[in-house]
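>>> give me the fold of what follows.
(one chain, ligands or ions: 1)
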Amino acid sequence: MAQMYFYYSAMNAGKSTTLLQSSFNYQERGMTPVIFTAALDDRYGVGKVSSRIGLQSDAHLYRSDTDLYFEIAALHEVEQRHCILVDECQFLTREQVYQLTEVVDKLRIPVLCYGLRTDFLGELFEGSKYLLSWADKLVELKTICHCGRKANMVIRTDEHGNAIAEGAQVDIGGNDRYVSVCRQHYKEAMGK
Ligand SMILES: [Zn+2]
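Model prediction:
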């Protein structure tokens, strides 16, 4: 029975590494996975998922207006696909999360989504909100704060390393200025 999985974490918990390992596992068994990533993440060039430990794979890009059910059904018709892997899934729209549930329920293909739960203000991303609501399985990928506790929050810092408390939810290419921290250190950094 195909299911939808949401693998969520703070920054730098190894989401892309985990995704690429899953892709490898499917291929090793002679199966064909399909990888999608958000078009707005161009850190490593268009159409690639790259992990910090050096793994890399080509990926289909999705934009906010991409019909993922339509695209995946078309690919599946040409050649059977055994698994859909979605990186940066926090950027999915509500509609696209619904489309992915249709991939699971109608096409019977498992969908594994990897992304952040909340933004630097501690608010849910749209994609994450609906994945938390509709996914069959929720799996937390853990990373740690500088103090050793589990890091479940993300702070955005300016060039001096000070936490900033306003701004757009998506700051493309500013990956180096995000730090994963525990909730206590998040509150301290945000002055709350
Ligand atoms: Zn801490």
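>>> up against the ion, what does this structure have?
Proximity of the chain to the ion, by C-beta under 5 Å from the ion, involves residues Cys145, Cys147, Arg149, Cys182, His185. All C-beta spots, glycine's among them, are computed from the backbone N, C-alpha and C.
>>> quick check: the residue nearest to Phe91 when sequence neighbours are not counted vs the ion, distance?
In this structure, Phe91 finds its nearest non-sequential neighbour in Ala38, 4.2 Å apart by C-beta to C-beta, 6 or more residues apart in numbering. Counting by C-beta to the ion, to the nearest Å, the gap from Ala38 to the ion is 29 Å.
>>> run a quick neighbour tally on Ala38.
By other C-beta atoms under 10 Å, 23 other residues sit near Ala38.
>>> phi and psi next, for it.
Here is the backbone geometry of Ala38 (degrees, to the nearest 10): phi -70, psi 140.
>>> from Gln90, how far off is it?
Separation of Ala38 from Gln90 (C-beta to C-beta, to the nearest Å): 8 Å.
>>> hey, what's the residue nearest to Phe91 bridged with?
For Ala38, the beta-bridge partners are Tyr62 (DSSP bridges).
>>> on the pLDDT front, check the residue nearest the centre of the chain for me.
The centre of the chain sits closest to Gly115, judged by C-alpha atoms, centre = their mean, with a distance of 2.2 Å. Note on Gly115: pLDDT of 95.
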